[in-house]
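Colleague: What would the 3D arrangement of this be:
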Amino acid sequence: MPRPAVLLTAVILLAAPVIGSDPPSAAAPPAGWVKDRLAAVDKVLDAEAADLVRLYQHLHANP
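Modeller: This next block holds a predicted model:
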């Protein structure tokens, strides 16, 4: 019967190539993705800003 140290060493050596491998690289995003994303976030924030301010004021007025 193999000793636990031998089994542990075998598992580590067999798993090392899998654990140490680099993940597949993702494709580069399009050049203007930041501006497009920022415009979408600004649109959502503008739509909800008044409600968020009212909630903030209510929470601070009624602790």
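Colleague: just for this structure, where's the confidence low?
Modeller: Residues of the chain meeting the criterion pLDDT under 70: 1-2, 13, 15-24.
Colleague: Report the central residue of it.
Modeller: For the chain, the residue nearest the mean C-alpha position is residue 26 (14.5 Å; CA atoms, centre = their mean).
Colleague: got the phi/psi numbers for that residue?
Modeller: Per-residue torsions, residue 26: phi -80, psi 160 (degrees, to the nearest 10).
Colleague: residues in contact with it?
Modeller: Contact criterion CB atoms under 8 Å, 6 or more residues apart in numbering gives no residues in contact with residue 26. Bear in mind the C-beta positions are built from the backbone N, C-alpha and C, glycine included.
Colleague: Regarding residue 43, which helix or strand does it belong to?
Modeller: helix 33-61 (DSSP states H and E).
Colleague: Tell me which residues of that helix come out buried.
Modeller: By 16 or more other CB atoms under 10 Å, helix 33-61 has no buried positions at all.
Colleague: Which neighbouring elements make contact with it?
Modeller: On a contact count with 3 or more CB pairs under 8 Å, 6 or more residues apart in numbering; DSSP states H and E, helix 33-61 meets no helix or strand.
Colleague: Run the chain-centre distance for that helix.
Modeller: Relative to the chain's own centre, helix 33-61 is displaced by 21 Å; criterion: CA atoms, centre = their mean, to the nearest Å.
Colleague: Based on its surroundings, how many neighbours for residue 6?
Modeller: 9 (other CB atoms under 10 Å).
Colleague: cool, and the one 4 residues further on?
Modeller: Burial of residue 10 is recorded as 11 neighbouring residues (other CB under 10 Å).
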